[in-house]
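J.: Pasting a predicted model and its sequence here:
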Amino acid sequence: MYRYDQIDQTLVNERVTQFRDQTRRFLAGELTEDEFRPLRLRNGLYIQRFAPMLRVSIPYGLLSTGQLRMLAHIARSYDRGYGHFTTRQNIQYNWPQLERVPDILADLASVEMHAIQTSGNCIRNITSDHLAGVAPDEIADPRPYCEIIRQWAALHPEFSYLPRKFKIAVTASPADRAAVEIHDVGVRIKRVSPHAEIGFEILAGGGLGRTPILGKVIRPYLPQADLLAYLEAILRVYNRHGRRDNIHKARIKILLRTLGAQEFTRQVEHEFEANREFAPRLEAHEVERMRGFFAPPPYQRFEDGAPDCGSVGSGKPAYDAWLRYNTRRHKIPGYRVVFVSLKKHGEAPGDMSAEQMEALAQLADRVSFGMVRATHDQNLVLADVPQSALPEVWRQLDALGLATANIGTLTDMICCPGLDFCSLANAGSIDVAKQIHARFDDLDYLYDLGPIEIKMSGCMNACGHHHIGHIGILGVDKHGKEWYQITIGGSSTGPAALGEVIGPSVPKDQVGETIARLLEVYLRERQGEDERFVDAVRRIGIEPFQERVYETNHSLA
Amino acid sequence: MRRIIRWHELVTDDARYAGEEAGIETRPVQPAAEFIAAPAGQTAGSGAAILIGPGDELEPLAPHLALLSLIVVDFPKIGEGRGFSQARMLRQRYRYAGELRARGALKRDQLFFLARCGFDSFDLDPTEDLQAALAALNDFSVAYQDGSDAVVKVQRRAGSA
């Protein structure tokens, strides 16, 4: 992974000092709330319903075990003993005290971490494929480019006061596990032929929120050296011409839609050409240097065939299910990718206790080269586990409550913090997740349903990415009551798609029943076991689902 | 008298904006549009000072830049960010070498970014403590990006050009 040098360390240390002074001035009344807000937000600090929330950056989701232990320490020392992993591969703490946030940042800086630009109208954490470097299908490891973009974006003097937040994602795989189409800018690593130089396809104007739009390709091929220059051109056009008079129309997607993709692209290309002389050039040796940080770990080579995934005694069916659902193929024979499920029944999706973090750190030190990854589906990953260690890993994770064999199934839900914590939310998410868990607790039924993604947001800001869920659930407020609008047919991965609303929203206690009816239609209509829920929706349209959900003799109508 | 930061010092501001009373040794700052529209010969001539707003285009100013000794970029609201781009473009693409001032709803917290974009004088929010603001120019001793300023020397890493 990337390791800080003197420059990086100095920068985060100085940022801690600066933020400490900003906090002091606010508490002393030298800064008004209006003045402090943009300063604290760009450091990940929200004022929530009950307490501040601090969002800590995990660049492209990659964590060392030392860093994970620090996250546990922070959870225990400054919060209530847990943290919440987010859809941007970051972690949030829901209960820190404002006065102590500078100390948290100092602790983070001691392990090469920070909260810089995790919120606010600036360039946010760069996200990527959680299987980067181990996926058999990737063209190149995206992480060196993510780190290059991260550094370029950090405290960028020109782009620190944008019209609105700005999210960049990088993928190097046709399966696009980074959902680049729903980002303000998406970067697809590309080679025109197998041995050609690396370049990029650039997308712009994607985003969810109240106006969900998929990004458009504005540059089919960009040479590697021009990556940062092109990003500067996009950001400059956006910074100058994005709307600042209406927060709901301020994202780049609205600018792109208003100008039209062609005119927007023309302006970006014009800026790119006019600024060539001054824009940063990404030199090949800098990419090489960065690549060195992400060199593969010292894998064991199995000359005479790799050992298999082992076996366990009495827990065999559970182990087999876990192997099938919670592990994935690794590009090196003899290794598997292990998903650590943060979607156990009874727990808020994405939540993890300090004890779990510490135990996982210990396990990762032993079996996965001391590294852990956060996914944008709010799970964690041990990316490099030797197959022979799998029985032990399963036993350990099972004991920690982290082995629920539900990755990719219905109960592997994405869920925002909702009304329980967030001051923006219209409705709760966590207890709806619990309702769904309770209703669909039969694993065999889940397995029969196959891969299905439920994504849930407590308001139209769409932190839970509901538009791109196979089933999307959006909390809305109706006369002070929590109701839920359901969409189906969305997808986050290649190609992305936005779901369609099936009809009037349903009351909270009917969300589980509604989903049960959707699944009933799916099981009735599906053609063969390989047709996923979302494929069936695409094939037969939403009408059969609507009919069943809103049958007249039912209380939902 | 209004105090500003200029070239790393606190000085008394000599700029006079529309609606302000003329004083001894003050110089008028004309809105950019007015300056451009004025017929040749009626402008203040060499050494003129102008004020540009966040939405103003820079291209029409290009032929006149050599005449200007001061460009004031207005930041009317907290969070306004267009002036950062205007400054960088004036310094780089348009090669403006005169004084470039940021004025408006700005605190010491934005100074570092402003200076890196090429501003060299600062007319901050009247409540700001200017001594503290001077120190804030040195909030960071390192940066990842090239800047137009002298505040931060970009420390290139070994192996980089």
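T.: Yep, it's here.

J.: So for the stretch of helix or strand A:Lys455 belongs to, mean pLDDT?
T.: According to DSSP states H and E, A:Lys455 maps onto strand A:454-457. In this model, strand A:454-457 has a mean pLDDT of 95.

J.: how about the residues of chain B that lie near chain A?
T.: B:54, B:78-82, B:84-86, B:88, B:92-93, B:107, B:109-110, B:112-114, B:116-117, B:129, B:139-147, B:155, B:157, B:159-161 (Cβ under 8 Å from any Cβ of the partner chain). (Each C-beta comes from the backbone N, C-alpha and C, glycine too.)

J.: in the chain, which residue is closest to the centre?
T.: By default, I'm working from chain A. For chain A, the residue nearest the mean C-alpha position is A:His376 (2.5 Å; Cα atoms, centre = their mean).

J.: should've been chain B
T.: Nearest to the geometric centre of chain B sits B:Arg101, at 2.0 Å (Cα atoms, centre = their mean).

J.: From the contact counts, what lies against the strand or helix carrying that one?
T.: Taking DSSP H and E as the definition, one finds B:Arg101 inside strand B:99-104. For strand B:99-104, the helices and strands in contact under the criterion 3 or more Cβ pairs under 8 Å, 6 or more residues apart in numbering or on different chains; DSSP states H and E are strand B:3-6, strand B:68-75, helix B:82-91, strand B:121-123.

J.: tell me the most buried of the ones you listed?
T.: helix B:82-91 (a mean of 25; mean count of other Cβ atoms under 10 Å in any protein chain shown).

J.: between that helix and strand B:68-75, how many degrees?
T.: Computed with axes from the mean of the first three to the mean of the last three Cα atoms, to 10 degrees, the direction of helix B:82-91 lies at 160 degrees from that of strand B:68-75.

J.: which residues in chain B form helices?
T.: In chain B, the helices defined using DSSP state H lie at B:32-37, B:82-91, B:108-117, B:130-136.

J.: that older thread, list the single closest residue to the residue nearest to the centre of chain B in space, sequence neighbours excluded.
T.: B:Ser121 (4.2 Å; Cβ to Cβ, 6 or more residues apart in numbering or on different chains).

J.: cool, A:Ile202 as well?
T.: A:Arg219 (4.1 Å).

J.: what about that neighbour, which helix or strand?
T.: Here A:Arg219 is assigned to strand A:216-223, by DSSP H and E.

J.: Let me have the helices of chain B in JSON lines, extended by mean pLDDT.
T.: Below are these laid out as JSON lines (pLDDT from 0 to 100):
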{"stretch": "helix B:32-37", "mean pLDDT": "90"}
{"stretch": "helix B:82-91", "mean pLDDT": "98"}
{"stretch": "helix B:108-117", "mean pLDDT": "95"}
{"stretch": "helix B:130-136", "mean pLDDT": "95"}
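
J.: Of those helices, which is nearest A:Ile254?
T.: Evaluated with Cβ to Cβ, the helices of chain B place helix B:82-91 nearest to A:Ile254, the distance being 16.4 Å.

J.: Pull the contacting residues for the spatially closest residue to B:Pro60 that is not a sequence neighbour.
T.: Closest residue in space to B:Pro60, ignoring its immediate chain neighbours: B:Ile36 at 5.3 Å, by Cβ to Cβ, 6+ apart. Contact analysis of B:Ile36 by Cβ atoms under 8 Å, 6 or more residues apart in numbering or on different chains lists B:Pro60, B:Leu61, B:His64.

J.: Relative to B:Leu51, how far out is the second one?
T.: Summarising the geometry, the distance separating B:Leu61 from B:Leu51, computed by Cβ to Cβ, to the nearest Å, is 12 Å.

J.: what touches both of the two?
T.: B:Ala32.

J.: can you list the helices of chain B in a markdown table and add distance to A:Leu208?
T.: Formatted as a markdown table, these follow (distance: least, Cβ to Cβ, whole Å):
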| stretch | distance to A:Leu208 |
| --- | --- |
| helix B:32-37 | 39 |
| helix B:82-91 | 26 |
| helix B:108-117 | 29 |
| helix B:130-136 | 36 |
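
J.: closest to A:Leu259 out of these?
T.: Of all these, helix B:82-91 sits nearest to A:Leu259, with 16.6 Å by Cβ to Cβ.

J.: who touches that closest one?
T.: Against helix B:82-91 from outside (Cβ under 8 Å, 6+ apart): A:157-161, A:236, A:239-240, A:244, A:278, B:52, B:54-56, B:58, B:65, B:71, B:73-75, B:96, B:100, B:102, B:113-114, B:117-119, B:148.

J.: Okay, angle between it and strand B:99-104 too, please.
T.: Angle between the axes of helix B:82-91 and strand B:99-104 is 170 degrees (criterion: the same axes, to 10 degrees).

J.: show me what contacts the residue lying closest to A:Pro333 once chain neighbours are set aside?
T.: Of all residues not flanking A:Pro333 in the chain, A:Ala306 sits nearest, at 4.7 Å (Cβ to Cβ, 6+ apart). With contact set as Cβ under 8 Å, 6+ apart, A:Ala306 has these partners: A:Pro333, A:Gly334, A:Tyr335, A:Gln387.

J.: So what's the residue count around the second one?
T.: Applying other Cβ atoms under 10 Å in any protein chain shown, we find 16 residues neighbouring A:Gly334.

J.: didn't it look like it was pressed against A:Ala389?
T.: No. Between A:Gly334 and A:Ala389 there is no contact under Cβ atoms under 8 Å: 10.5 Å.

J.: Tell me which residue in chain B sits closest to chain A.
T.: Distances between chain B and chain A by Cβ to the nearest Cβ are smallest at B:Gly81, namely 2.9 Å.

J.: quick one: contacts for that residue?
T.: A:Asn121, A:Phe159, A:Ser160, A:Tyr161, A:Leu162, A:Pro163, A:Asn239.

J.: Next, work out how far apart the closest residue to A:Ala389 other than its chain neighbours and chain B are.
T.: Nearest residue to A:Ala389, sequence neighbours excluded (Cβ to Cβ, 6+ apart): A:Val367, at 4.5 Å. Distance check for A:Val367 against chain B: by Cβ to the nearest Cβ, to the nearest Å, it reads 34 Å.

J.: so who does A:Val367 touch?
T.: A:Leu382, A:Val385, A:Pro386, A:Ala389, A:Glu392, A:Val393.

J.: and if we set it to 6 Å?
T.: Contacts for A:Val367 (Cβ atoms under 6 Å, 6 or more residues apart in numbering or on different chains) come out as A:Val385, A:Ala389, A:Val393.

J.: Fine by me, we can end here.
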